[in-house]
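1. What would the 3D arrangement of this be:
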Amino acid sequence: MRVLGIETSCDETAIGIVEDGRRLLSNVVASQVQMHAEYGGVVPELASRKHIEALVPVLDEALAAAGLTLMDLDAIAVTYGPGLAGALLTGLNFAKAIAYATGLPLVPVNHLEGHIYAAWLDIPGGVTARPDFPALVLIVSGGHSDVVLMEGHGRYRRLGQTVDDAAGEAFDKVARLLGLGFPGGPAVDKLASEVKRPSLRLPRARLDGEYDFSFSGLKTKVQRIVRGEEGEAPDTAELAAAFQESVVDSLVTKATQAALDTGARQIVLAGGVAANSALRAELAARSQVPVLAPPPALCTDNGTMIAACGYHRFQASGIAPLDLDVDPGLKIG
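-> From the prediction side, this is the model:
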């Protein structure tokens, strides 16, 4: 079964085609990073306009790369939330048009759930990973930091979440404070790699929720240091490394403890921040169960993860009518 996945939740126009929920046939992404970097963050209206311009060329390229036509497909999967409302609408309406014109079923996909399935795609030359439930999923991105127990396909129980800033949001804000530009995650990761072990130790939030996160206070601490309110500031690389160490330690501590407490058989690392080298290494080192993470290129938003998830949604009769609307605040679990 061949599923085409459409992803436009934020600033990437992405379309991918996956066979039987596993085999990647094509993966095309048109990124808007350079445009939004001029503004220090994503501008929703500009993102929506760029999606409209890019969707048809990206679709043509994805079909050509797979050697297929629309009539060779079996379903159209599309992100309908969470994300920027205008951006989501462009992708959803495009998917509806294709479904209407071809008669193919329309399969709605939760963007967060899609990120999980990127970990189980068969990548040429890569290691084939298989789902082993229950799985503890750590979803970390610009808008979300969630600890979720996945008991089976489509069965989720959210155990924890961020109470303020998400991890990716904190990376972007701290990168701005340090003058590193946008997007902040890769810039902080690269600079922090110059410091083997930071001498500065930044705080970890203590929360009532056993598996919840908070990064707002950490961001404020960095801001005070940069402004000279905490005495002489360390060099930028030292501060970046200390910040990253704090975020990674918080994420890994909660995820590994949740995996032990729930009897999870594996940990799945998902979302844009899953590309962070320190997070991947620390989680693998401290976990007592196997850790699965997509290749860095598939951690960020892409259409193949939506197609892979859409396959399982289709198997569960998750077909939507053509009057489906977007859900910008959609949750998981």
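2. Assess the claim that residue 24 and residue 122 are in contact.
-> Yes - Residue 24 sits in contact with residue 122 when judged by C-beta atoms under 8 Å, with a separation of 6.5 Å. In short, each C-beta sits where N, CA and C put it, glycine included.
3. Have a look at these two and say which one is more surrounded.
-> Between residue 24 and residue 122, residue 24 has the larger neighbour count (other C-beta atoms under 10 Å), namely 22 against 16.
4. what helix or strand is the more buried one on?
-> Using DSSP states H and E, residue 24 sits within strand 23-31.
5. Tell me the buried residues in the helix or strand just after that strand?
-> Taking DSSP H and E as the definition, the helix or strand that follows strand 23-31 towards the C-terminus is helix 33-37. For helix 33-37, burial by neighbour count (16 or more other C-beta atoms under 10 Å) applies to residue 36.
6. Please shift the residue numbers so they start at 42 in all later answers.
-> Let's use 42 as the start, then, which means that last one is helix 74-78.
7. and helix 74-78, what's its mean pLDDT?
-> For helix 74-78, mean pLDDT is 84.
8. Likewise for stretch 152-166?
-> Per-residue confidence for stretch 152-166 averages out to 91 on the pLDDT scale.
9. Would you mark the buried spots in that stretch?
-> Neighbour-count burial for stretch 152-166 flags 152-164 (criterion: 16+ other C-beta under 10 Å).
10. What ranges does the protein have for its strands?
-> For the chain, the strands defined by DSSP state E occupy 43-48, 53-60, 64-72, 116-122, 147-151, 176-181, 186-193, 196-202, 307-311, 332-333.
11. helices or strands next to the last one in the packing?
-> Which is strand 332-333. Secondary-structure packing of strand 332-333 (3 or more C-beta pairs under 8 Å, 6 or more residues apart in numbering; DSSP states H and E): strand 307-311.
12. Run through the bridge partners of the residue nearest to residue 354 when sequence neighbours are not counted.
-> Leaving aside its sequence neighbours, residue 354 sits nearest to residue 148 (C-beta to C-beta, 6 or more residues apart in numbering; 5.0 Å). When assigned by DSSP bridges, residue 148 has beta-bridge partners residue 118.
13. what pLDDT does residue 357 get?
-> With respect to pLDDT, residue 357 has a value of 93.
14. Check the burial of it by counting its neighbours.
-> Residue 357 is surrounded by 10 other residues when neighbours are defined as other C-beta under 10 Å.
15. Also residue 364?
-> As a burial measure, the neighbour count of residue 364 was computed by other C-beta under 10 Å and equals 6.
16. how about it, what does it touch?
-> Residue 364 makes contact with no residue, according to C-beta atoms under 8 Å, 6 or more residues apart in numbering.
17. same check, this time on the one 5 residues further on
-> For residue 369, the contact set (C-beta under 8 Å, 6+ apart) comprises 122-126, 129.
18. surely residue 164 meets residue 66?
-> No - here residue 164 lies out of contact with residue 66, judged by C-beta under 8 Å, at a distance of 12.0 Å.
19. quick one, helices of this protein?
-> Assigned by DSSP state H, the helices in the chain fall at 74-78, 85-107, 126-143, 152-158, 208-218, 225-233, 257-267, 277-303, 318-327, 337-340, 344-356.
20. what helices or strands is the fifth one leaning on?
-> For helix 208-218, the contact count by 3+ C-beta pairs under 8 Å, 6+ apart identifies helix 225-233, helix 257-267, helix 277-303 as packing neighbours.
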